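*Asks:* 3D, please:
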Amino acid sequence: MNSFELNKIMGAVLGTCLILLALNITAGALFSPEKPAKPGYNIAVKETHEGGGSAAGPAEPSKPIEELLASASAEKGQATAKQCQACHTFEKGGPNRVGPNLYGIVGEERGKDRGGFNFSAAMKSKGGEWSYQELDKFLTNPRNYIPGTNMTFAGLSRDTQRADVIAYLRTLSDSPKPLPTAKK
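*Replies:* I've put the predicted structure just below:
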């Protein structure tokens, strides 16, 4: 290859680079994005006052889970649990996903025996079993109830929704646990 051919190749490469640079500058001028005045996203958070209540007034006391389960709807719970299907499966013998399979979870030991699922150290160390009361507390705010859990779900703030989901989880068993009775 002589130097004349080498010069032609280098000229073609240099010309291509100059054309690409000119196109990039032109596109940047035509399609420049607008910068936001204030970067970031607004996150809606309930404001609390010193008394512990929200800005709208004091929080209404929640009813005990025993009382809520008496009128809970497993069908509504199944509909609400659809948002859990991103991480969990519900069928018997179903696979684990990001979270464990939840078939037969009511009354089972926490952090153990869910088809080889690798639970977080926080979940394993909490111990105990998934009673109706424990499920209610956990589903209210998983990260507050078991700090260090891998579950990123924010929780269900409405107690009736939690009761419906727990009633649905109760149906996912070969022999469902009896519902607790409300204390009077």
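*Asks:* center of this structure, which residue is that?
*Replies:* Phe153 (3.0 Å; C-alpha atoms, centre = their mean).
*Asks:* now do the contacts for that residue.
*Replies:* 84, 87, 142 (C-beta atoms under 8 Å, 6 or more residues apart in numbering). The way it works is simple: take the backbone N, C-alpha and C, and place the C-beta from them, glycine included.
*Asks:* now list the buried members of those.
*Replies:* Among these, those that count as buried by neighbour count (16 or more other C-beta atoms under 10 Å) are 84, 87, 142.
*Asks:* these into JSON lines, with extra columns for distance to Ala167 and secondary structure?
*Replies:* Shown next, in JSON lines, are the buried ones among the contacts of Phe153 (distance: C-beta to C-beta, whole Å; DSSP: H, G, I helix; E, B strand; the rest coil):
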{"residue": "Cys84", "distance to Ala167": "14", "secondary structure": "helix"}
{"residue": "Cys87", "distance to Ala167": "20", "secondary structure": "coil"}
{"residue": "Pro142", "distance to Ala167": "19", "secondary structure": "helix"}
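*Asks:* which elements pack onto the helix ranked longest in the chain?
*Replies:* Longest helix of the chain, by residue count under DSSP state H: helix 3-30. Helix 3-30 sits against no helix or strand, with contacts defined as 3 or more C-beta pairs under 8 Å, 6 or more residues apart in numbering; DSSP states H and E.
*Asks:* what's the pLDDT at the closest residue to Pro147 other than its chain neighbours?
*Replies:* Spatially, and ignoring its direct neighbours in sequence, Pro147 is nearest to Ala122 (6.3 Å; C-beta to C-beta, 6 or more residues apart in numbering). Here, the pLDDT recorded for Ala122 equals 90.
*Asks:* quick one on the thing from earlier: could you give the average pLDDT over whichever helix or strand comes after the longest helix of the chain?
*Replies:* Sequence order places helix 65-70 as the next helix or strand after helix 3-30, per DSSP states H and E. What helix 65-70 shows for mean pLDDT is 86.
*Asks:* list of residues touching the one helix or strand in the chain whose mean pLDDT sits lowest?
*Replies:* Using mean pLDDT, DSSP states H and E, the weakest-scoring helix or strand in the chain turns out to be helix 65-70, at a mean of 86. Residues from elsewhere that reach helix 65-70 (C-beta under 8 Å, 6+ apart): 132-133, 136, 159-160, 162-163, 166-167, 179-183.
*Asks:* now, the residues you listed that are in helices?
*Replies:* Among the contacts of helix 65-70, the members that lie in helices (by DSSP H) are 132-133, 136, 159-160, 162-163, 166-167.
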